[in-house]
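In: Return atomic coordinates for the entry below.
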Amino acid sequence: MDALARRLAESHPLPHAVLVDCARRAIASGVPEPGEEAGRLAVLFSRSLVGDVINATGVLLHTNLGRAPLPLRTSGRATNLEFDAESGARGSRHTAVSSLVSVLTGAEAAVVVNNNAAAVMLVLAALASGRGVAVSRGESVEIGGGFRIPDVMEQSGAQLVDVGTTNRTRLSDYEKAVASTRHDIALVMKIHPSNFSVEGFVSSVPVAELAGVGVPVVADIGSGLLDSTCPWLHGRMPAVPQFLAAEPAARQALADGAGLVTFSGDKLLGGPQCGIIAGRADLVAACASHPLMRALRPGGHTLQLLQSALMSFADRTVCDDIPFWRMLSVPVDELRARALAVVKTAGRGSVTDTTALVGAGSAPGTSLPSVAVALDGDVTARLRALPVPVVARVDRNVTLLDLRTVDPADDHAVAGAVRTL
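Out: Down below sits the predicted model:
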């Protein structure tokens, strides 16, 4: 067994303990060639490790590929995560992020948890436990992984009160629920159905109208657009992208009277996975002091990455600093020139116009013009088997490597991957 593990080490750079486990399982399986089986198990283990891939799918925020890509940089030093350097006393891990979110959205305060589902659960537990929360039937959604608003509501201790119908909900539906003594409504929740769209005979109630129903309005805007005017794009794009027109934004929701907004950090914000709760100081304080906060709070590395992203929005340098916005703002002509260079270097393939998607449930039903390197047949499995996997997509038996989602620094790697075929 030890000899087999040492032979594996010649071609599989894995810890010896892992290779011994592969050898043990291969021998125990009783196959005629345990060496071959052990090598297969070592390959499977290597591929299961979290590591780099090149996203050539054309989906900018690919949930299976980590959504918003971010460079992971650290000095390795300790941080002042919960330390007030001025007083020398314990501080709050949310101070800097809260200040930045306030500057960017107009919120009075903000706290951060580990994802947006956690943000929704914490808000409900802190502000509506044992009481009713009015939600339009058309907004009682299911997000990826099978998590449903009714289930999150139940776990928080709040009681879901359905109002309206699947396709049409009116202000009077909310007012009737709030006025009813049977429901004891604590909150009205406005949920953006970010991963689907309903068209036709539909109507919904905007936050500005809901703000007058007599209880706080919580707007779950989901995708995390900070400001619908996108001031950070001025000078970089001729206009705000059309697909963002239907996306609710934190600044505008709060200005319209929402007591709180909740949203993800790793979608349109382009930061790390986290959930942000922002709005009225008293409501945020109630969330921050709830016992669940201890279980849901993020670690220091997440807060550092989020802080860095928010600083880029404040500096209006997101198109240079944040990969998602950089991918979004690249002109099609630049993508075409890169694709031609990849094809020339690789010595095979062709250049074709295509469309890219935002992804991660953001801007459903919309697409962006893009350019891809096209290869005949389905070669996606061979591309995924490379040391740094290249993840592409197939359309009508043609493999497409969409360059809108590829960092320009990886163009040479894409060309090399194509050349190996």
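
In: okay, now the domains of the protein?
Out: Structural domains assigned to the chain are 2-48, 54-69+327-420, 95-321, following automatic domain parsing.

In: show me what contacts the closest residue to Ser329 other than its chain neighbours?
Out: Spatial nearest neighbour of Ser329, chain neighbours left out: Cys319 (4.7 Å); criterion: CB to CB, 6 or more residues apart in numbering. Using the backbone N, CA and C atoms, a C-beta is placed for each residue, glycine as well. With contact taken as CB atoms under 8 Å, 6 or more residues apart in numbering, Cys319 is in contact with 232-233, 236, 325-326, 329.

In: check which helix or strand covers Cys319.
Out: helix 318-321 (DSSP states H and E).

In: Distance from that helix to the middle of the chain?
Out: Centre-to-centre, helix 318-321 and its host chain are 17 Å apart (CA atoms, centre = their mean, to the nearest Å).

In: how about that helix as PDB, C-alpha atoms only?
Out: Extracted in PDB, the C-alpha atoms of helix 318-321 (Å, rounded to 0.1, in the frame of the first residue of the first chain):
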ATOM      1  CA  VAL A 318     -15.300  49.500 -10.500                       C
ATOM      2  CA  CYS A 319     -14.700  49.000 -14.200                       C
ATOM      3  CA  ASP A 320     -11.000  48.700 -13.400                       C
ATOM      4  CA  ASP A 321     -11.100  47.000 -10.000                       C
END
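
In: Beyond it, next helix or strand please.
Out: Next in line after helix 318-321, if elements are assigned by DSSP H and E, sits helix 323-329.

In: helices and strands around that following helix, which ones?
Out: Contacts defined by 3 or more CB pairs under 8 Å, 6 or more residues apart in numbering; DSSP states H and E place helix 323-329 against helix 318-321.

In: Please, where are all the helices along the stretch 301-421 of the chain?
Out: Here the stretch 301-421 of the chain has its helices, by DSSP state H, counting those that start in this stretch, at 318-321, 323-329, 332-346, 380-384, 411-420.

In: Sorry, slip of the keys, the one I care about is the stretch 1-150 of the chain.
Out: According to DSSP H, counting those that start in this stretch, the stretch 1-150 of the chain carries its helices in the segments 2-9, 16-28, 34-48, 95-105, 116-128, 149-156.

In: Low-confidence stretches in the stretch 251-400 of the chain?
Out: 361-365 (pLDDT under 70).

In: make it 50
Out: The stretch 251-400 of the chain contains no residues with pLDDT under 50.

In: cool, and the stretch 51-200 of the chain?
Out: Judged by pLDDT under 50, no stretch of the stretch 51-200 of the chain qualifies at all.

In: Apply 70 and report the result again.
Out: Applying pLDDT under 70 to the stretch 51-200 of the chain flags the ranges 143-146, 194-196.

In: Please enumerate the strands of it.
Out: With strands called from DSSP state E, counting those that start in this stretch, the stretch 51-200 of the chain shows them at 54-55, 109-113, 132-136, 142-143, 147-148, 159-163, 185-191.

In: out of those, nearest to Ser370?
Out: Checking the strands of the stretch 51-200 of the chain against Ser370 by CB to CB gives strand 54-55 as the closest, at 12.6 Å.
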